[in-house]
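K.L.:
Output the structure for:
(one chain, ligands or ions: 1)
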Amino acid sequence: MQGKHIILGITGGIAAYKSATLVRLLVKAGAEVQVVMTPNAKEFITPVTLSTLSGKPAISEFFTANTGEWHSHVDLGLWADAMVIAPATASTIAKMANGVADNMLVTTYLSAKAPVFVAPAMDLDMMRHPSTVRNLDLLRSYGNHIIEPAAGELASHLIGKGRMEEPENIVKVLDAFFNESQSLKGKKFLVTAGPTYEKIDPVRFIGNYSSGKMGYAIADEAASRGADVTIVSGPVSVTPSHNNVKIINVESAKEMLAACQNIYPSCDVAIMTAAVADYAPAEVQDHKIKREKDEVDHIALVKNPDIAATLGRDKQPGQLLIGFALETDNELSNAADKLHRKNLDMIVLNSLRVPGAGFRTDTNQVSICYPDGSRKDYSLKSKREVASDIIDAIADL
Ligand code: C5P
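P.N.:
Got it, this is the predicted structure:
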């Protein structure tokens, strides 16, 4: 945290009283803190308190009233190593999600090039309202980090999820981020994603329901921590939101293997999230098969190459290879078997039996299994949050 430039955005919620402690802790950890408040935040905590603790005048308006001096949100956005919005009210979250730049805080957010952390604080019903859920998902999709609110007694005296995370824990999240982001800097990641299409004739193929969402979320998460990421992608309609992600588009398993073999030797980490078709038609017809004329009653298949297993054989010391297992039964023993057969360093298991996990959903529930037989189980989360857990686990390795 030493020497880091942090913009602390404060919005108008009861939890704003905790912002004073947050400023103190950040300054104590060696950070330079610039407070930007919404006009409403001043109803909950005074700028004088925050200016005194941070050692810099807290900004809330675009201009200083008596001198007319303009506060440049663009310069602030460039100055910051991180922006933290704590507490973030439902209203500010909605403005950030939709680009409603009607105050200094949201304009600064829109100009910020640095990673952004959002610590929501609101009543439990506001927290679980579909609009808040959607807006937080939008922020996640922009690569922002959501510091989930804790459950407990709220200002309304209701009990539930909505309490702003404690300042000590917010500082811990930032600390971990700076350490981890440094450790992925310059690391080269290869991620396979999406399905493969195996051609039958010019208009038909064998494919599967993979959407690519999990792989793209992993790629975005690794890139947001400084890694150079290449996705070798089957046909999907998702796109990465981070601009440090390169995409190589392929269609079949054979093309995916060739692209991976090209870049794997220079990679530090390869994450195999693609749902590769196990079989391809033995012959590709060069004309559209006609029901009346061709009378096809079966399609002969041949086994596709196993990309993960091939990379596992080529793996060099220092490289990490991560696989996925999507299972419907005997989940743990199947995952353990794949881990060893493909020479993986860890395997992420998701079960199609869990509602909200697996193909096409925006959420996933995973367990991470290791070669020594140990295992970590995670709860049902958005795919972006699951991606963050997976990248944490890789950083630990
Ligand atoms: O054997 P199974 O398909 O269940 O293994 C899943 C893991 O292996 C995933 O990580 C998947 O991306 C990878 N895989 C592969 N090439 C294949 C089949 C699976 O890379 N042909």
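K.L.:
The stretch 101-250 of the chain: strands as residue ranges?
P.N.:
116-120, 145-146, 150-153, 159-163, 188-193, 198-201, 204-206, 228-233, 245-249 (DSSP state E, counting those that start in this stretch).
K.L.:
among the ones you listed, which gets the worst mean confidence?
P.N.:
Mean pLDDT per stretch puts strand 150-153 lowest among the strands of the stretch 101-250 of the chain, at a mean of 76.
K.L.:
which residues touch it?
P.N.:
159, 160, 161, 162, 163, 164, 165, 166 (C-beta atoms under 8 Å, 6 or more residues apart in numbering). Quick note: C-beta positions are derived from backbone N, CA and C, even for glycine.
K.L.:
Parallel or antiparallel, list what pairs with that strand.
P.N.:
Strand 150-153 has these partner strands in its sheet, going by DSSP bridges: strand 159-163 (antiparallel).
K.L.:
Name the residues of the strand it pairs with that are buried.
P.N.:
160, 161, 162, 163 (16 or more other C-beta atoms under 10 Å).
K.L.:
Please identify which of the residues you listed is nearest to the ligand.
P.N.:
Nearest to the ligand among these: residue 161, at 33.4 Å, using C-beta to the nearest ligand atom.
K.L.:
and the residue nearest to that closest one when sequence neighbours are not counted, how many neighbours does it have?
P.N.:
Leaving aside its chain neighbours, residue 161 sits nearest to residue 151 (4.6 Å; criterion: C-beta to C-beta, 6 or more residues apart in numbering). Residues lying near residue 151 (other C-beta atoms under 10 Å) number 13.
K.L.:
How about residue 186?
P.N.:
With other C-beta under 10 Å as criterion, residue 186 counts 10.
K.L.:
likewise the one 4 residues further on?
P.N.:
Residue 190 has 26 neighbours, counted by other C-beta under 10 Å.
K.L.:
Check residue 125 too.
P.N.:
Around residue 125 there are 13 residues (other C-beta under 10 Å).
K.L.:
Can you tell me how far the residue nearest to residue 161 is from residue 88?
P.N.:
17 Å (C-beta to C-beta, to the nearest Å).
K.L.:
Please apply the same query to residue 374.
P.N.:
For residue 374 relative to residue 88 (C-beta to C-beta), the value is 36 Å.
K.L.:
quick one on the thing from earlier: reformat the contacts of strand 150-153 as TSV; add distance to the ligand.
P.N.:
Output for the contacts of strand 150-153, formatted as TSV (distance: C-beta to the nearest ligand atom, whole Å):
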residue	distance to the ligand
159	41
160	38
161	33
162	37
163	38
164	38
165	34
166	38
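K.L.:
Give me the neighbour count for the one residue in the stretch 51-200 of the chain that gets nearest to the ligand.
P.N.:
Distances between the stretch 51-200 of the chain and the ligand by C-beta to the nearest ligand atom are smallest at residue 192, namely 5.7 Å. By other C-beta under 10 Å, 30 other residues sit near residue 192.
K.L.:
what do you get for the one 3 residues further on?
P.N.:
Other residues near residue 195 come to 24 when the count uses other C-beta under 10 Å.
K.L.:
sorry, back to before: save the strands of the stretch 101-250 of the chain as CSV, and put in distance to residue 397 too.
P.N.:
Output for these, formatted as CSV (distance: least, C-beta to C-beta, whole Å):
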stretch, distance to residue 397
strand 116-120, 25
strand 145-146, 21
strand 150-153, 29
strand 159-163, 32
strand 188-193, 13
strand 198-201, 33
strand 204-206, 35
strand 228-233, 17
strand 245-249, 21
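K.L.:
Indicate which one of these is closest to residue 329.
P.N.:
Across the strands of the stretch 101-250 of the chain, residue 329 has its closest neighbour in strand 204-206 (22.7 Å, C-beta to C-beta).
K.L.:
which outside residues touch that closest one?
P.N.:
197, 198, 199, 200, 277, 279, 280, 281, 288, 289.
K.L.:
Please repeat the previous calculation with a cut-off of 7 Å.
P.N.:
With contact meaning C-beta atoms under 7 Å, 6 or more residues apart in numbering, strand 204-206 is reached by 197, 198, 199, 200, 277, 281.
K.L.:
Look up how far residue 160 lies from the residue of the stretch 51-200 of the chain closest to the ligand.
P.N.:
Taken as C-beta to C-beta, the span from residue 192 to residue 160 is 40 Å.
K.L.:
swap in residue 186?
P.N.:
Distance from residue 186 to residue 160, by C-beta to C-beta: 43 Å.
K.L.:
How about residue 360?
P.N.:
When residue 360 is compared with residue 160 (using C-beta to C-beta), they lie 30 Å apart.
K.L.:
Which positions in this structure make contact with the ligand?
P.N.:
192, 253, 272, 274, 276, 304, 306-308, 323-325, 338 (C-beta under 6 Å from any ligand atom).
K.L.:
Dump the residues you listed into JSON lines; add secondary structure as well.
P.N.:
JSON lines is the format used below for the residues of the chain next to the ligand (DSSP: H, G, I helix; E, B strand; the rest coil):
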{"residue": "192", "secondary structure": "strand"}
{"residue": "253", "secondary structure": "helix"}
{"residue": "272", "secondary structure": "strand"}
{"residue": "274", "secondary structure": "coil"}
{"residue": "276", "secondary structure": "coil"}
{"residue": "304", "secondary structure": "coil"}
{"residue": "306", "secondary structure": "coil"}
{"residue": "307", "secondary structure": "helix"}
{"residue": "308", "secondary structure": "helix"}
{"residue": "323", "secondary structure": "strand"}
{"residue": "324", "secondary structure": "strand"}
{"residue": "325", "secondary structure": "strand"}
{"residue": "338", "secondary structure": "helix"}
